[in-house]
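[1] Just to be clear, the model below is a prediction. Sequence and coordinates:
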Amino acid sequence: MEISEKVSCLIIGSGPAGYTAAIYASRAGLKPVLYQGIQPGGQLTITTEVENYPGYPEGIQGPEMMVHFEKQAARMGADIRYGLATQVDFTGPLHKVQIDEEKWIEAASVIISTGASAKWLGLESEQRLNGYGVSACAVCDGFFFKGKEVAIVGAGDTAAEEALYLSKICSRVHMIVRRGEMRASKIMQERVKNTANITLYWNSETEEILGDKKVEGVRIVNNQTAEKTTVPISAFFVAIGHQPNSAIFSPWIDMDEAGYIKTVAGSSRTNREGVFAAGDVQDKIYRQAVTAAGSGCMAALDAERYLSAAGFH
Ligand code: NDP
């Protein structure tokens, strides 16, 4: 393998975690190089308004906020590049990352902030109405449907948590569960079942989300009886799980069974010296822009300390 460039800090991914890591690493003099990946700006570029990121009293559009993150990182001196990490070799002590299946970069420290991607049902109507009432984040978008009827699909802890969250804001939550039972923990199931304004549809699947320019309803089909029900709603939330974008790291980095990178508690350290992880790729619990940004800061501080201690910096 031919190394075409050597850097002290390579950041992979351009969501709040990656850009925050870039801001801190730049200010610490690490001259970070950041590769943006397949979706520059990350998941926030597919949301609409963000009202829960501190510092924006009037709220802000997700894509615009990510432009701010990028500009701030660039102003601090981060070298931000369009490109995708396609392979890594973490044999160490220096780490090798391949970009766009072409060139290899050698990095003394690597910050993995590749995020996670929401899983979708795969319906045409879901794609068409995405951002117009279809959302994969109740905490981000639920508030816009205050007092309205909404639906949520999924039956894991995320779906249960989000259904409960929505039940406090919306007049009614129609929860669509594809089997006759839920996967969520017992306590969460009980809470969902005991919430008066959550209606459960067991053995049910979404056939189509209805509406021309915005969500107006959902057609649900019972997979036992084939009976169809149309429910008028204003928003449709998908909570069927996320997929962390960690596949290329799997031979080297410890992960849980779902592919989330394991970090040492209270830090961003992975099982490989000099490799750190931040944001949704290592967080299946909180998954918020502000927590991702916080962990990006941790990763840059950890990288800086590592590089100093190892005599690289
Ligand atoms: P899970 O993989 O646990 O659950 C996904 C759910 O979506 C399942 O109920 C599954 O149904 C359903 N589903 C999947 N595909 C479809 C589909 N095409 N149509 C309809 N339904 C579908 O994902 P979660 O995001 O809920 O949780 C991920 C992990 O994070 C879990 O380990 C969870 O415990 C954890 N978590 C913990 C929290 C906490 O501790 N506070 C909060 C949130 C998550 P089926 O059951 O039939 O397979």
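    Perfect, I can see it now. Numbers count the residues shown, from 1 in each chain.
[2] any idea which element Thr206 lies in?
    Using DSSP states H and E, Thr206 sits within strand 204-210.
[3] which stretches of the stretch 201-313 of the chain have low pLDDT?
    Nowhere does the stretch 201-313 of the chain drop to pLDDT under 70.
[4] Tell me how many other residues surround the residue of the stretch 1-150 of the chain found nearest the ligand.
    Nearest residue of the stretch 1-150 of the chain to the ligand (CB to the nearest ligand atom) works out as Leu121 at 5.2 Å. Backbone N, C-alpha and C define where each C-beta goes, glycine included. For Leu121, the neighbour count with other CB atoms under 10 Å is 17.
[5] could you check the distance from the residue of the chain positioned farthest from its centre over to the ligand?
    Relative to the C-alpha centroid of the chain, counting by CA atoms, centre = their mean, Thr225 is the outermost residue, at 35.9 Å. For Thr225, the distance to the ligand equals 17 Å [CB to the nearest ligand atom, to the nearest Å].
[6] List the contacts of that residue.
    Contacts here follow CB atoms under 8 Å, 6 or more residues apart in numbering; on that basis Thr225 touches nothing.
[7] That one belongs to a helix, doesn't it?
    No. Read with DSSP: H, G, I helix; E, B strand; the rest coil, Thr225 is coil and lies in no helix.
[8] Sheet-wise, list the partners of the strand holding Thr206 with their directions.
    strand 217-222 (antiparallel) (DSSP bridges).
[9] Now do the strands in the stretch 201-313 of the chain.
    204-210, 217-222, 228-232, 235-238, 242-244, 275-277 (DSSP state E, counting those that start in this stretch).
[10] contacts for the last one?
    By CB under 8 Å, 6+ apart, the list of residues contacting strand 275-277 from outside reads 90, 95, 109-113, 252-253, 261, 263, 268-270, 299, 302-303, 306.
[11] now do the third one
    Among residues not part of strand 228-232, those counted as contacts by CB under 8 Å, 6+ apart are 149, 151, 174, 201, 207, 210, 216-222.
[12] got the residues you listed as CSV, with distance to the ligand and neighbour count columns?
    Below are the contacts of strand 228-232 laid out as CSV (distance: CB to the nearest ligand atom, whole Å; neighbours: other CB atoms under 10 Å):
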residue, distance to the ligand, neighbour count
Glu149, 20, 18
Ala151, 12, 29
His174, 14, 25
Tyr201, 11, 20
Glu207, 12, 15
Leu210, 18, 17
Glu216, 21, 14
Gly217, 18, 17
Val218, 13, 25
Arg219, 14, 15
Ile220, 11, 21
Val221, 12, 18
Asn222, 13, 14
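[13] Please determine how far Glu216 is located from Ala163.
    20 Å (CB to CB, to the nearest Å).
[14] Gly217 now?
    18 Å.
[15] go on, Ala258?
    For Ala258, the distance to Ala163 - CB to CB - is 21 Å.
[16] more neighbours, the two?
    Using other CB under 10 Å, the more surrounded residue of Ala258 and Ala163 is Ala163, with 29 against 12.
[17] Fine by me, we can end here.
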